[in-house]
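Engineer: Kindly return the folded structure for what I paste below:
(2 chains)
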Amino acid sequence: MSNVIKVNILILIIVLNSCSVKKSDEKIQENTYEILSTIIDEYAKPRLIIPPPPLEGMSDTLKNDRDSIVGLLKTGEWAQQKYFVGLRPLNYEWQNKFKKSEVEEKFISLFQKLINRNNRNEDIASLTPSMIKLTRGNIIVPIKSQIRKNDSIWNYLNVLISYSNIEFNNLLDKAILVIECSEAEYHRRIILLLMENVEGQWKIRHEYTRKI
Amino acid sequence: MKKLLNQINFSYTIYIVLSLFFFYSCEKEDIGNLSQKELHHSFSLHKFSDEFIKKNLIVNWGAYDVEVDSSIDRGKYLYSTSLKVPSALYSNEQKWGQMYKLLAEKDSLSNWNYTLLEFLSVKDSILPSNLSTSNTVSFTGTLYFYDLEGNTKKIESYEDGVKMTEFMDKEHGKVTLQSKAPKVCGDYNPFCEDGKTVTYIAVSVSTYTDHYNVREGGKLDYSYSTYDGTKTKWVAVPVNDPEPKIGSYVHHHVDDPNLNHGSGSSGSNHPKDVILDDSFKNTKADCAFQKLKKQNGDLFKTTIGKFIDDPKYDLIFTVGNCEYTNIGCTDGNEVGENGDITIILEDVYQPTLEIAASILHEGIHAEIYRYVDEHTDNPVDPKNRTRLMELYSHYIGIAENTDYNITYPVTMAQHEYMAENYVKPIAEAIRSLDGNKYPLEYYMWYGWEGLERSYNFNSRLSSSDKTKYNNYQEIVNNNTDVKCN
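Structural biologist: Numbering: from 1, shown residues only, chains lettered A, B, ... in the order given. Predicted coordinates for the structure are as follows:
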């Protein structure tokens, strides 16, 4: 075989290999957005708080509230109410909140890899909000600055979701990540999520919740 | 001459008697002195699968019988045993007396082999101490042979001392109530004669250790139980017994062996109660629970304490995952079927006082489940909790319209009820646990936590209240002496 042919084959291999890497990166990015869409739909949805009936002997000051909520229930529109969802990379030391022993066995190696990435202080990829496809009318608000406890932004946000890197298995049908989900400055949760792709749809298989 | 002969005969007899005596003594001494250490070193129950046996069986190394096995020409040593707590096996229809003995024998390589024998008598609650494999006297029941890992090696059944059946347990003791009953009367069974047959039934025994508070004057009152595992075993039903019975499920309670309350049982074992699951034991949540129990405040007594007084219901504490994103939850789905209510604590990494508040919060849920179940068929309400029933019917009524997609009406009702009645009691309980270090305001957030999605929370607390209480809680958590690791 002439040297020219050898060089051509080598170039072909390099090109094919770089294509497959590119394809794999693209796939991971695509799945990352799909997972975040699932998570936001799950955690950022309105909850109706229905007033109780009046206490005996008390005047019914909540009647209007109750009627308006029952009205909302009747139309079903409340479920489509817009939610302002703050989104940012996770900046919280979560490693000690979860133990390897409590993680479902088939996710343990992914969990370990996620911890390793976290220990290496790997940057968390920043995302393009428009790539997140939501099934509800939520509005994504990318958050870049620090949020303090008494920050006024809490008055505007319905939910703040912070996400870690996502660790996928080779088949891209299992994934693991940690999110912080806060409905208010005093109601913060850190959640380890085991995700599974079932028939092309990412679903939350298991969630481990800790208060922070 | 005759006198001399008589004297020789007498001396000879004395000599024989003394020789026999010494020979016999030496044989006893032989095992007693030479092999006692060997026995102690090579025997251990730490791998035994039955937690009750592992924790409570004591071998009386000084009390043994020698059984000569002519087929191998070696001695077998049968040791008596005792249990730290009294034990018996019983179902609704039957009670079996229980006795354990340890059989030790040397193999051809001079290694000690052990078999634990379990005699389960159908007739006698107290079994004769001289019972052995070669002296079955009038024993009627089942004899189990276990290895030191708790696997069943062999099962025999006896009627009035006569062996009726013998079989090797193919499942090695890993029997469940669904396991197929062993066939013990067939061609292979030489003991099955004259149409005699023995039926085996499965008996599943869940063992619990009951713990007590020692009050003034040594008086004991029941506190809680720990679950030691469930074991299912085959038990022979006598030949002349009527129709075969289906398997039974048995709760077996024993007193805390570390409790020094004199001899025997306290006599107040509880058939149903507060049970700490294995997943809960020795966790931070367990430690917080013990602190609340020790304090035994009003809220604890009137919620979790209710399960202690009511034998119809079990309250089970576990550590695990709640179905939805919660740090703790209470499962009352089975209360109508078997009286079980399970509290699941998911986050056991919280500060100790917050875990204690979570326990109280879930304990209130559990008590409400118990109360509602108790009064579903019995509308007479001694405590007149009409408000609770009103909230139930209000939220369940709304949820009955499937178009509304309300999934947790019971939780909604319970949370509103708790917000109306229990926020301050939880705050007071945690304050008291903390030694009343700060004013009550500092503890209010412990009472409100978990109720964030209630109408009361959103209507009664202003934004500044929420921030203030939340900050106060942080101060308390950072300065409390109540800590669990």
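Engineer: C-alpha from now on. contacts and neighbour counts both.
Structural biologist: Fine.
Engineer: what does chain A have sitting close to chain B?
Structural biologist: A:49-53, A:55, A:73-74, A:76, A:97, A:150, A:186, A:207-212 (CA under 8 Å from any CA of the partner chain).
Engineer: Which of those residues fall in strands?
Structural biologist: The strands, defined by DSSP state E, take in A:207, A:208, A:209, A:210, A:211 from these.
Engineer: any chance of these in TSV, with pLDDT and neighbour count too?
Structural biologist: TSV is the format used below for those (pLDDT from 0 to 100; neighbours: other CA atoms under 10 Å in any protein chain shown):
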residue	pLDDT	neighbour count
A:207	90	20
A:208	90	25
A:209	90	26
A:210	89	23
A:211	85	21
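Engineer: Could you tell me which of the residues of chain A next to chain B count as buried?
Structural biologist: Buried members of those, counted by 16 or more other CA atoms under 10 Å in any protein chain shown: A:50, A:51, A:52, A:53, A:73, A:97, A:186, A:207, A:208, A:209, A:210, A:211.
Engineer: Now the helix-or-strand element of chain A with minimal mean pLDDT - C-alpha only, CSV.
Structural biologist: When the helices and strands of chain A are scored by mean pLDDT, DSSP states H and E, helix A:63-75 comes last with a mean of 73. Extracted in CSV, the C-alpha atoms of helix A:63-75 (Å, rounded to 0.1, in the frame of the first residue of the first chain):
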residue,chain,number,x,y,z
LYS,A,63,-66.2,32.9,50.4
ASN,A,64,-65.0,35.0,47.5
ASP,A,65,-61.6,33.3,47.5
ARG,A,66,-63.2,29.9,47.5
ASP,A,67,-65.6,30.8,44.7
SER,A,68,-62.9,32.2,42.5
ILE,A,69,-60.8,29.2,43.0
VAL,A,70,-63.7,26.8,42.3
GLY,A,71,-64.2,29.0,39.2
LEU,A,72,-60.5,28.4,38.2
LEU,A,73,-61.0,24.8,38.8
LYS,A,74,-64.0,24.7,36.5
THR,A,75,-62.2,26.3,33.6
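Engineer: So which bits of the longest strand seen in chain B are buried?
Structural biologist: In chain B, taking DSSP E as the definition, the longest strand is strand B:220-237. Across strand B:220-237, burial judged by 16+ other CA under 10 Å covers B:220, B:222-228, B:230-237.
Engineer: mean confidence score for it?
Structural biologist: For strand B:220-237, mean pLDDT is 75.
Engineer: Please apply the same query to stretch A:26-43.
Structural biologist: 91.
Engineer: Export it to CSV, keeping only CA atoms.
Structural biologist: The C-alpha trace of stretch A:26-43 is given here as CSV (Å, rounded to 0.1, in the frame of the first residue of the first chain):
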residue,chain,number,x,y,z
GLU,A,26,-24.9,16.9,20.1
LYS,A,27,-26.9,14.0,21.4
ILE,A,28,-25.8,14.7,25.0
GLN,A,29,-26.8,18.4,24.5
GLU,A,30,-30.1,17.4,23.0
ASN,A,31,-30.9,15.1,25.9
THR,A,32,-29.7,17.7,28.5
TYR,A,33,-32.4,20.1,27.2
GLU,A,34,-35.0,17.4,27.2
ILE,A,35,-34.2,16.5,30.8
LEU,A,36,-34.4,20.1,31.9
SER,A,37,-37.7,20.6,30.1
THR,A,38,-39.1,17.6,32.0
ILE,A,39,-37.8,18.8,35.3
ILE,A,40,-39.1,22.4,34.9
ASP,A,41,-42.5,21.1,33.8
GLU,A,42,-42.5,18.9,36.9
TYR,A,43,-41.3,21.3,39.5
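Engineer: Can you give me the buried ones in stretch B:466-482?
Structural biologist: Buried-residue list, stretch B:466-482, by 16+ other CA under 10 Å: B:466, B:467, B:469, B:470, B:471, B:472, B:473, B:476, B:477.
Engineer: Report the separation between the second one and chain A.
Structural biologist: Separation of residue B:467 from chain A (CA to the nearest CA, to the nearest Å): 7 Å.
Engineer: where's that residue, which helix or strand?
Structural biologist: Using DSSP states H and E, residue B:467 falls within helix B:463-479.
Engineer: list the helices and strands that helix packs on?
Structural biologist: If contacts are counted by 3 or more CA pairs under 8 Å, 6 or more residues apart in numbering or on different chains; DSSP states H and E, helix B:463-479 sits against helix B:444-448.
Engineer: Helix or strand next in line after the helix it packs on, which one?
Structural biologist: helix B:455-460.
Engineer: So that next one, near chain A or not?
Structural biologist: Yes: judged by CA under 8 Å from any CA, helix B:455-460 comes into contact with chain A at B:455, B:456.
Engineer: so what secondary structure elements neighbour that helix?
Structural biologist: Counting contacts by 3+ CA pairs under 8 Å, 6+ apart, helix B:455-460 is packed against helix B:409-421.
Engineer: what about residue A:38, helix or strand, and which?
Structural biologist: Residue A:38 belongs to helix A:3-43 when elements are defined using DSSP H and E.
Engineer: what about residue B:123, which SS state?
Structural biologist: Following DSSP: H, G, I helix; E, B strand; the rest coil, residue B:123 is assigned to coil.
Engineer: What are the phi and psi values at it?
Structural biologist: Here is the backbone geometry of residue B:123 (degrees, to the nearest 10): phi -90, psi -40.
Engineer: There's contact between it and residue B:96 in this structure, I believe.
Structural biologist: Yes: with contact defined as CA atoms under 8 Å, residue B:123 counts as touching residue B:96 (7.2 Å).
Engineer: Mind checking which of those two has more residues around it?
Structural biologist: More neighbours surround residue B:96 than the other of residue B:123 and residue B:96, with 21 against 17 (other CA atoms under 10 Å in any protein chain shown).
Engineer: picking that back up, helices or strands up against the longest strand of chain B?
Structural biologist: For strand B:220-237, the elements it packs on are helix B:51-56, strand B:141-146, strand B:199-214, strand B:274-276, helix B:304-309, judged by 3+ CA pairs under 8 Å, 6+ apart.
Engineer: Run the chain-centre distance for that strand.
Structural biologist: The chain centre lies 4 Å from the centre of strand B:220-237; the measure is CA atoms, centre = their mean, to the nearest Å.
Engineer: how big is the angle separating it from strand B:141-146?
Structural biologist: Per axes from the mean of the first three to the mean of the last three CA atoms, to 10 degrees, the angle that strand B:220-237 makes with strand B:141-146 is 100 degrees.
Engineer: Listing partners with orientation, what would you give for strand B:220-237?
Structural biologist: Note on strand B:220-237: by DSSP bridges, its sheet partners are strand B:199-214 (antiparallel), strand B:274-276 (parallel).
Engineer: okay, the ones you listed, which one's buried deepest?
Structural biologist: Among the strands paired with strand B:220-237, ranked by average contacts under mean count of other CA atoms under 10 Å in any protein chain shown, first place goes to strand B:274-276 (a mean of 25).
Engineer: what's the average pLDDT for that strand?
Structural biologist: On average, strand B:274-276 scores 85.
Engineer: and residue B:341, what are its bridge partners?
Structural biologist: Beta-bridge partners, per DSSP bridges, of residue B:341: residue B:315.
Engineer: ok, it - contacts?
Structural biologist: Residues in contact with residue B:341 (CA atoms under 8 Å, 6 or more residues apart in numbering or on different chains) are B:313-316, B:330-335, B:366, B:369-370.
Engineer: just curious, which of the residues you listed is nearest to chain A?
Structural biologist: Lowest distance from chain A to those (CA to the nearest CA) belongs to residue B:330, with 15.4 Å.
Engineer: OK, contacts around the nearest residue to that closest one once chain neighbours are set aside?
Structural biologist: The shortest distance from residue B:330 to any non-neighbouring residue, by CA to CA, 6 or more residues apart in numbering or on different chains, is to residue B:343 (4.4 Å). For residue B:343, the contact set (CA under 8 Å, 6+ apart) comprises B:315, B:316, B:317, B:318, B:328, B:329, B:330, B:331, B:362, B:363, B:366.
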